[in-house]
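Visitor: I would like to see how this sequence folds:
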Amino acid sequence: MAGITKLKQLISEMEPVLNDGKYVFASVSDVKAIPRDKTLCEIKEREGVTVVMTQADADDFNITYQYVAAWITLNIHSALHAVGLTAAFSTALTDASISCNVIAGFYHDHIFIDYKDKDKAMNTLIELTRKYRS
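Guide: Prediction:
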């Protein structure tokens with residue numbers, strides 16, 4: 001099934017889901033020291049490899065991090081070439097004074113927000129979907 005590209009449909013049906021747990025972003029020089037099943041995702045950067053993983057796993061592997069996040073999945077199959085979805089939800093979160101870090105998967109967008117803001121972020125995203133349903 002192809003991903004959805006229509007902005008109104010994406011926002012009105014995005015169904016944000018708060019995943020259990022606390023997550024961290026960390027930069028490591030050697031990803032071989034971390035089993036792949038312990039990372040949610042990784043991206044190679046010039047300075048090192050950024051990994052996203054649970055806070056508990058980072059602590060177990062003595063990995064330094066500075067930011068503890070909650071993970072929200074937008075439970076709609078958004079096309080990778082869709083225009084406007086990221087802008088819409090990031091603007092809504094910005095208006096609520098919530099920072100966000102976005103990772104696009106093949107099927108869904110994933111938003112990482114400061115853990116303390118998880119409930120406020122969920123309420124903000126749910127309200128955004130309601131506005132687009134009317």
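Visitor: can you pull the buried residues of the helix or strand encompassing T94?
Guide: Element membership of T94, judged by DSSP states H and E, is helix 85-95. Residues of helix 85-95 classed as buried: 85-86, 88-90, 92-93 (neighbour count, 16 or more other CB atoms under 10 Å). For the C-beta atoms, the positions are set from N, CA and C on the backbone; glycine is no exception.
Visitor: Same check on stretch 101-109?
Guide: Neighbour-count burial for stretch 101-109 flags 101, 108-109 (criterion: 16+ other CB under 10 Å).
Visitor: and L18, how many neighbours?
Guide: 16 (other CB atoms under 10 Å).
Visitor: and the gap between the residue most central in space within the chain and L80?
Guide: Closest residue to the average C-alpha location of the chain: I111 at 2.1 Å, with CA atoms, centre = their mean. The spacing between I111 and L80, counted by CB to CB, to the nearest Å, is 16 Å.
Visitor: Same check on A69?
Guide: Per CB to CB, A69 is found 23 Å from L80.
Visitor: Which one's more surrounded, those two?
Guide: A69 (24 against 11).
Visitor: Tell me which other helices or strands the one helix or strand that one maps to touches.
Guide: A69 belongs to strand 68-74 when assigned by DSSP H and E. If you count contacts as 3 or more CB pairs under 8 Å, 6 or more residues apart in numbering; DSSP states H and E, strand 68-74 packs onto strand 16-18, strand 23-28, strand 109-114, helix 118-133.
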